[in-house]
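1. A predicted structure for the sequence below; I have some questions about it.
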Amino acid sequence: MAWNEPGSGNRDPWKRKNDSNEFEAFLRKLREGLGGMFGGGNGGSGGASSSPPFGGILLGIVALMMVWAVFDSWVSIDAQRVGVVLRFGKFDRIMRSGLNLKWPAPIERVIKVETISRQTADEVRMLTKDENIVQINFTVQYQVVDAQKYLFSATAVDDTLKQAAESAVRQVIGSSDMDQILSSHGADIVGETKKVLQGTLDGYAVGLNVNEINFQNFAPPHEVKEAFDDVNNASNNQKQAINDAQAYAAKVVPIARGDAARILAEAEGYKSAQIAKATGDAQRFSLIEAQYRAAPEVTRKRLYLETMQQVLGHSQKVVDSGNGKNILYLPLDKMKADAAAAAAAATGAAQ
């Protein structure tokens, strides 16, 4: 615990009584020695003789230099900085936060370096993989992790960081398509850009660590924004048309497949019915053939009667002109109606 922190008590080394007495004794001896060197001092009778004016001035200068050396030996470093100690211009060590002791100047000198997170911003125009121009605003948050490298590895570290960041973004943007950049708003390229930038800074050994990269804006330049919007709208219209066609296909194709399956099933049923009918006709013909071979005349007469029965059974009117002179008209429909009415009347009378 440092002597000036809360709770440390009254332990100021410059206010201790013993140290003060020793310091006063040292000054007194120094004054007496300087007085002797310049002809001053105490006589044998014990009387005090005054020192020459030059001796007093020199004594004052020495005293001021000693006080300055004492106060210059202490350096206070806050929590957001570190101190780089140079001894005769050469790096010696790193001071951490708190009260630190050093040799007074010109022996040692301390350069304070901020280690808190800082950021730099930039706006650039870059060429994408598909040969489009995009305007990008981005910021880089970084932190000093090695104060020695930060001070001595490059003369202008901030300019080096800016150029390295722009180069990293240009490299990643140059390997990405415009649609990919705009659709993701830079989310897909943040990690890759940070990786490339950190690798570049590590190669330069500038003692910086990249904490975060933020992309605020991705847009085409104002000069070509209208043309880009037209192309983008056309692309969106194309995608919309493709989506509509896919939706229509998803709706129509199942219906068409259902109709095709139904038609195929009906065809299979018709095929089976026709095969069965043909098979039955062939079997019936075989039976008739056997009967015809046994009794040709009877079979021929029976077939004629059966055929006429089938034909005339569905006819309402029959015309017989076999004699070639008079026409015999048989109103079968009326005869059927009369027969049905007579049957109904007979049934009613019986009841």
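-> Done, it's in.
2. quick one: low-confidence ranges for the stretch 151-300 of the chain?
-> Residue ranges of the stretch 151-300 of the chain with pLDDT under 70: 183-186, 224-225, 228, 231.
3. all helices for it, in order.
-> 157-174, 178-184, 187-204, 225-294, 296-312 (DSSP state H, counting those that start in this stretch).
4. other SSEs contacting the fourth one?
-> Think helix 225-294. helix 296-312 (3 or more C-beta pairs under 8 Å, 6 or more residues apart in numbering; DSSP states H and E). The way it works is simple: take the backbone N, C-alpha and C, and place the C-beta from them, glycine included.
5. would you mind finding the most buried of the helices of the stretch 151-300 of the chain?
-> Stretch with highest mean neighbour count among these: helix 157-174 (a mean of 18; mean count of other C-beta atoms under 10 Å).
6. if we can go back for a sec, the helices of the stretch 151-300 of the chain into a markdown table, with extra columns for distance to residue 337?
-> What follows is these, written out as a markdown table (distance: least, C-beta to C-beta, whole Å):
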| stretch | distance to residue 337 |
| --- | --- |
| helix 157-174 | 97 |
| helix 178-184 | 84 |
| helix 187-204 | 90 |
| helix 225-294 | 35 |
| helix 296-312 | 17 |
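7. out of these, which is closest to residue 344?
-> Of all these, helix 296-312 sits nearest to residue 344, with 24.6 Å by C-beta to C-beta.
8. confirm that residue 104 sits in a strand.
-> No: counting by DSSP: H, G, I helix; E, B strand; the rest coil, residue 104 falls outside a strand, being coil.
9. what about it, neighbour count?
-> Residues lying near residue 104 (other C-beta atoms under 10 Å) number 16.
10. that one touches residue 68, doesn't it?
-> Yes: contact criterion C-beta atoms under 8 Å: residue 104 and residue 68 qualify, at 7.3 Å.
11. next one: residue 64, what pLDDT does it get?
-> Residue 64 is assigned a predicted lDDT (pLDDT) of 78.
12. could you say which helix or strand contains it?
-> helix 53-72 (DSSP states H and E).
13. next secondary structure after that helix?
-> strand 74-77.
14. so how far is that following strand off the chain centroid?
-> Chain-centre distance of strand 74-77: 46 Å, with C-alpha atoms, centre = their mean, to the nearest Å.
15. about what we covered before: compare the helices of the stretch 151-300 of the chain and give me the one nearest residue 128.
-> Relative to residue 128, the nearest member of these by C-beta to C-beta is helix 178-184, separated by 4.8 Å.
16. which secondary structure elements does the closest one contact?
-> Using 3+ C-beta pairs under 8 Å, 6+ apart: helix 178-184 touches strand 133-144, helix 187-204.
17. including distance to residue 309, could the ones you listed go into a markdown table?
-> Shown next, in a markdown table, are these (distance: least, C-beta to C-beta, whole Å):
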| stretch | distance to residue 309 |
| --- | --- |
| strand 133-144 | 93 |
| helix 187-204 | 88 |
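18. closest to residue 87 out of these?
-> Of all these, strand 133-144 comes closest under C-beta to C-beta, at 21.4 Å.
19. give the pairing partners of that closest one; include direction for each.
-> Strand pairing for strand 133-144, using DSSP bridges, gives strand 118-127 (antiparallel), strand 208-219 (antiparallel).
20. alpha carbons only: can I get the helix holding residue 64 in PDB?
-> The C-alpha coordinates for helix 53-72 follow below in PDB (Å, rounded to 0.1, in the frame of the first residue of the first chain):
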ATOM      1  CA  PRO A  53      28.100  36.000  -0.400                       C
ATOM      2  CA  PHE A  54      29.300  33.500  -3.100                       C
ATOM      3  CA  GLY A  55      29.200  30.600  -0.600                       C
ATOM      4  CA  GLY A  56      25.700  31.400   0.400                       C
ATOM      5  CA  ILE A  57      24.500  31.400  -3.200                       C
ATOM      6  CA  LEU A  58      26.100  28.100  -3.900                       C
ATOM      7  CA  LEU A  59      24.600  26.600  -0.800                       C
ATOM      8  CA  GLY A  60      21.200  27.800  -1.900                       C
ATOM      9  CA  ILE A  61      21.700  26.300  -5.400                       C
ATOM     10  CA  VAL A  62      22.800  23.000  -3.900                       C
ATOM     11  CA  ALA A  63      19.800  22.900  -1.600                       C
ATOM     12  CA  LEU A  64      17.300  23.700  -4.400                       C
ATOM     13  CA  MET A  65      18.900  21.000  -6.500                       C
ATOM     14  CA  MET A  66      18.500  18.500  -3.700                       C
ATOM     15  CA  VAL A  67      14.900  19.400  -3.100                       C
ATOM     16  CA  TRP A  68      14.200  19.200  -6.900                       C
ATOM     17  CA  ALA A  69      15.900  15.800  -7.100                       C
ATOM     18  CA  VAL A  70      13.800  14.500  -4.200                       C
ATOM     19  CA  PHE A  71      10.500  15.600  -5.700                       C
ATOM     20  CA  ASP A  72      11.600  14.500  -9.200                       C
END
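21. alright, calling it a day.
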